[in-house]
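Enquirer: Structure for this input, please:
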Amino acid sequence: MKIVTPFFINKFKNKIINIHPSLLPAYKGGSAIEDSILNGSKITGCSVHFVDEEVDSGALIMQAALSIRDDDDVESLSKRIHMLEHKILAHSISHAGFLIRSNFMENY
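Expert: Residues are numbered from 1 along each chain as shown. Got it, this is the predicted structure:
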């Protein structure tokens, strides 16, 4: 995981996407899966969003949810979330492309 500079973000404003293992805005940052378990959450998931200058706070593109099982630990929940991420990433990229093209055309 890398946090990119504001210069880089602004050079490609609304063109950089990130996938994050929580239902944002809940559990931002690098320990989202562990935090969801420690806080007793019953559901979690993943979010794809545009990157802005604040960590894990850009406009949402797509989210998907799943239940946290009583026997889940960080490893088992991580695996299930990553499977979900793989399912929504291609759809999210397609939708982000549509949004970018739509905004591009509105400026002409």
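
Enquirer: Show me where the chain has its helices.
Expert: For the chain, the helices defined by DSSP state H occupy 6-11, 32-38, 74-106.

Enquirer: how about the ones you listed, which one is nearest residue 19?
Expert: Nearest of these to residue 19, taken as CB to CB: helix 74-106 at 5.3 Å. (Glycine included, C-beta is placed from N, CA and C.)

Enquirer: now the helices of the chain in JSON lines, with distance to residue 17?
Expert: JSON lines is the format used below for the helices of the chain (distance: least, CB to CB, whole Å):
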{"stretch": "helix 6-11", "distance to residue 17": "12"}
{"stretch": "helix 32-38", "distance to residue 17": "17"}
{"stretch": "helix 74-106", "distance to residue 17": "5"}
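
Enquirer: Which of those helices has the highest mean neighbour count?
Expert: When you average the neighbours per residue for each of the helices of the chain (mean count of other CB atoms under 10 Å), helix 32-38 leads with a mean of 18.
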